[in-house]
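# I would like to see how this sequence folds:
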Amino acid sequence: MIDFDVVNLSRLQFAATAMYHFIFVPLTLGLSFMLAIMESVYVMTGRKIWKTMTMFWGTLFGINFALGVGTGIVMEFQFGMNWSYYSHYVGDVFGAPLALEGLMAFFLEATFVGLFFFGWNRLSKIGHLTVTWLVAFGTNFSALWILIANGWMQNPVGAVFNPDTMRMEMTDFAAVVFNPVAQAKFVHTVSAGYVAGAMFVMSVSAWYLLRGRHIDLAKRSMVVAASFGLAGALSVVVLGDESGYLNTEHQKMKIAAMESMWHTEPAPAAFNLFAIPNQEKRDNDFAVEIPYVMGLIGTRSLTTPLLGIHDLVDRAEDRIRDGITAYAALQRIRANPADSDARAIFDKTWPHLGYGLLLKRYHEDITQATEADIEKAAWDTVPSVGPLFWAFRIMVAVGMYLILFFGVAFWLASRGRLEGHPRLLKIAVWSLPLPWIAIESGWFVAEAGRQPWVIEGVLPTYYAASGLSFTDLVISLSIFLVLYTVLFIIGTRILLKAIKAGPKTDAGAAQPDDRDPVRAALAAS
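Reported below is the predicted structural model:
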């Protein structure tokens with residue numbers, strides 16, 4: 001059996017690399033479409049300022065893109081290094097979207113990114129604009145496939161367990177691709193990226209305006225960012241609600257833990273606005289509730305109850321018992337593949353096999369587990385309630401603030417008054433980290449909320465790890481943290497240097513607004 005400290009270190013290493021990689025992904029997603037919008041305006045109007053904007057923000061996009069690709073490659077190698085049994089167990093299913101993501105990222109997306117940077121003087125206006133839009137779509141399609149893979153881990157559909165190969169095998173590729181959890185996760189995630197990209201452009205542009213630099217570029221950039229950011233922020237909320245609704249169907253324990261709902265309440269359930277969860281007491285020490293809200297959000301009805309953690313643990317105990325039956329039938333099949341009775345039993349009970357494997361933490365032979373062992377394994381299905389509860393609320397609070405911020409910015413931008421409010425410009429500068437705080441909080445909720453499963457209901461996390469030693473993981477984790485810290489510092493310095501330098505041509509001076517004859521005359525003189 002794998003040492004539990006080894007599992008925790010493996011989780012920590014993957015979490016560190018994944019969340020670090022996810023610093024760069026949202027900005028790549030958001031900036032890609034904003035570049036396409038800016039260049040579209042340039043092609044339609046022929047005004048040089050929009051080309052300058054596209055090239056300037058494209059430079060920042062390129063720096064961020066390079067950092068994202070470098071960190072993403074390392075993350076994917078960890079599936080084989082730290083999670084080898086996981087790779088064996090579900091490689092037939094997980095490998096397909098992962099391979100398509102690699103093809104999108106390293107062939108389609110990277111090819112068009114190269115054409116974007118080196119094709120300005122080699123392609124026609126329409127040709128280069130087409131390339132820029134393909135960069136945007138390629139970037140988002142790359143994210144689609146990795147989120148399909150992740151969505152399958154949250155809601156494993158279109159696959160069955162084969163007792164002869166001891167692997168999950170795909171039976172319906174369309175079900176995997178159109179998994180509702182994956183689709184909602186994709187739109188929710190890319191919308192959050194659009195918000196991050198919009199806030200990045202807003203913050204840098206506000207910094208320029210406060211210092212009186214690159215005025216024309218900054219003003220136009222903020223108008224695009226305000227519109228794009230408001231649409232993205234509203235989309236995040238709508239798709240976040242849809243994602244939460246799907247979780248009430250497929251990941252009931254995650255929802256209960258996020259809401260610190262220890263006991264099932266009469267429908268419609270109340271929403272815990274504030275709570276102090278106590279994992280040891282298995283209850284809340286204190287809670288402030290808003291009646292009906294959680295029931296309406298989670299079930300979209302007034303009559304459907306939301307199960308509490310205690311009732312879900314009771315259900316888990318029943319599934320663990322069925323999992324023991326499935327495990328015993330599997331052992332019989334492995335001893336005698338021609339045992340038709342064992343296969344009939346296994347065919348009925350295999351969906352519960354993963355719950356039976358939870359007992360591997362306590363017994364090598366789970367058929368020898370006691371009722372006390374079953375109870376402990378059932379409570380293992382409860383993730384850490386406190387961190388989930390607060391991470392979710394941080395995400396929601398920041399999301400509400402961003403809707404308000406972009407709403408005000410859009411209203412002012414539509415009236416041409418955005419640059420006349422220095423307080424809002426200062427708020428924009430200081431708000432730069434907020435989308436990333438919300439995104440990382442949301443990613444933590446999605447992944448930590450799934451524990452103890454690496455694949456929901458199918459494969460326990462501790463059962464999926466490689467047989468590495470504690471020392472191996474400490475060394476590799478230390479190397480990753482040092483390299484990633486150095487890379488982050490270097491990347492941030494390069495990005496800041498490019499921002500401070502600004503566009504190669506100050507569009508506000510060298511390319512005056514052709515509708516302003518006074519500025520044109522001053523520039524000519």
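
# rest of the way, CA atoms for contacts and neighbours
Noted.

# what residue ranges in the stretch 401-525 of the chain score low on pLDDT?
Counting by pLDDT under 70, the stretch 401-525 of the chain shows low-confidence ranges at 505-525.

# the helices in it, which residues?
Secondary structure of the stretch 401-525 of the chain (DSSP state H, counting those that start in this stretch): helices at 422-430, 434-448, 461-464, 470-501, 507-510, 517-524.

# Adding distance to Ser221 and mean neighbour count, write those helices out as CSV.
Formatted as CSV, those follow (distance: least, Cα to Cα, whole Å; neighbours: other Cα atoms under 10 Å):
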stretch, distance to Ser221, mean neighbour count
helix 422-430, 13, 16
helix 434-448, 18, 20
helix 461-464, 45, 23
helix 470-501, 14, 14
helix 507-510, 12, 17
helix 517-524, 20, 12
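
# closest one to Phe79 among the ones you listed?
helix 461-464 (10.0 Å; Cα to Cα).

# List the contacts of that closest one.
2, 4, 7, 83-86, 357, 360, 451-455 (Cα atoms under 8 Å, 6 or more residues apart in numbering).

# Of those, which qualify as buried by neighbour count?
Burial by neighbour count, judged by 16 or more other Cα atoms under 10 Å, picks out 2, 7, 83-86, 357, 360, 451-455 from the contacts of helix 461-464.

# what's the closest non-adjacent residue to Lys185?
Of all residues not flanking Lys185 in the chain, Ser243 sits nearest, at 6.5 Å (Cα to Cα, 6 or more residues apart in numbering).

# check which helix or strand covers the one you found.
In the assignment (DSSP states H and E), Ser243 maps to helix 215-250.

# Show me what the following helix or strand past that helix is packed up against.
Where DSSP H and E defines the elements, the next helix or strand beyond helix 215-250 is helix 252-258. Counting contacts by 3 or more Cα pairs under 8 Å, 6 or more residues apart in numbering; DSSP states H and E, helix 252-258 packs against helix 215-250, helix 309-335, helix 385-413.

# quick one: the next helix or strand after the second one to chain centroid distance?
Going down the chain from helix 309-335, the next helix or strand is helix 340-349, by DSSP H and E. Mean-position distance between helix 340-349 and its chain equals 38 Å (Cα atoms, centre = their mean, to the nearest Å).

# cool, stretch 44-56 as well?
Averaging C-alpha positions (Cα atoms, centre = their mean) puts stretch 44-56 32 Å from its chain's average.

# Mind exporting the C-alpha coordinates of it to PDB?
Extracted C-alpha coordinates of stretch 44-56, given in PDB (Å, rounded to 0.1, in the frame of the first residue of the first chain):
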ATOM      1  CA  MET A  44     -12.400  47.900 -41.000                       C
ATOM      2  CA  THR A  45     -11.300  51.500 -40.400                       C
ATOM      3  CA  GLY A  46      -7.700  51.500 -41.600                       C
ATOM      4  CA  ARG A  47      -6.700  53.600 -38.600                       C
ATOM      5  CA  LYS A  48      -3.100  53.000 -37.500                       C
ATOM      6  CA  ILE A  49      -3.800  53.400 -33.800                       C
ATOM      7  CA  TRP A  50      -5.700  50.100 -33.800                       C
ATOM      8  CA  LYS A  51      -2.800  48.300 -35.400                       C
ATOM      9  CA  THR A  52      -0.500  49.700 -32.800                       C
ATOM     10  CA  MET A  53      -2.800  48.500 -30.100                       C
ATOM     11  CA  THR A  54      -3.000  45.000 -31.600                       C
ATOM     12  CA  MET A  55       0.800  44.800 -31.800                       C
ATOM     13  CA  PHE A  56       1.400  46.100 -28.300                       C
END
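
# and that stretch, average pLDDT?
Mean pLDDT, stretch 44-56: 94.

# Now do the buried residues in it.
In terms of neighbour count (16+ other Cα under 10 Å), stretch 44-56 has its buried residues at 48-56.

# Mark which of the residues you listed are part of helices, please.
48-56 (DSSP state H).

# Just send those back as a markdown table, with distance to Leu239 too.
Formatted as a markdown table, these follow (distance: Cα to Cα, whole Å):
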| residue | distance to Leu239 |
| --- | --- |
| Lys48 | 37 |
| Ile49 | 35 |
| Trp50 | 32 |
| Lys51 | 33 |
| Thr52 | 34 |
| Met53 | 31 |
| Thr54 | 29 |
| Met55 | 32 |
| Phe56 | 31 |
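
# and Ile126, which of the helices and strands packed on helix 252-258 is closest to it?
helix 215-250 (20.8 Å).

# got the angle for that closest one vs helix 385-413?
Relative orientation of helix 215-250 versus helix 385-413 (axes from the mean of the first three to the mean of the last three Cα atoms, to 10 degrees): 140 degrees.

# Packing partners of helix 215-250?
Identification of packing neighbours for helix 215-250 by 3+ Cα pairs under 8 Å, 6+ apart yields helix 4-45, helix 48-81, helix 180-210, helix 252-258, helix 293-299, helix 385-413, helix 507-510.

# And the contacts of the fourth one?
Put plainly, it is helix 252-258. Among residues not part of helix 252-258, those counted as contacts by Cα under 8 Å, 6+ apart are 244, 247-248, 262, 306-309, 312, 381-385, 388-389, 392, 445, 449-450.

# Repeat the analysis, applying 7 Å as the threshold.
The contact list for helix 252-258 (Cα atoms under 7 Å, 6 or more residues apart in numbering) reads 247-248, 308-309, 312, 382-383, 385, 388-389, 392, 449-450.

# could those residues go into JSON lines alongside distance to Val190?
Compiled in JSON lines, these are given as follows (distance: Cα to Cα, whole Å):
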{"residue": "Asn247", "distance to Val190": "19"}
{"residue": "Thr248", "distance to Val190": "22"}
{"residue": "Gly308", "distance to Val190": "31"}
{"residue": "Ile309", "distance to Val190": "31"}
{"residue": "Leu312", "distance to Val190": "32"}
{"residue": "Val382", "distance to Val190": "29"}
{"residue": "Pro383", "distance to Val190": "26"}
{"residue": "Val385", "distance to Val190": "27"}
{"residue": "Leu388", "distance to Val190": "22"}
{"residue": "Phe389", "distance to Val190": "23"}
{"residue": "Phe392", "distance to Val190": "18"}
{"residue": "Gly449", "distance to Val190": "20"}
{"residue": "Arg450", "distance to Val190": "21"}
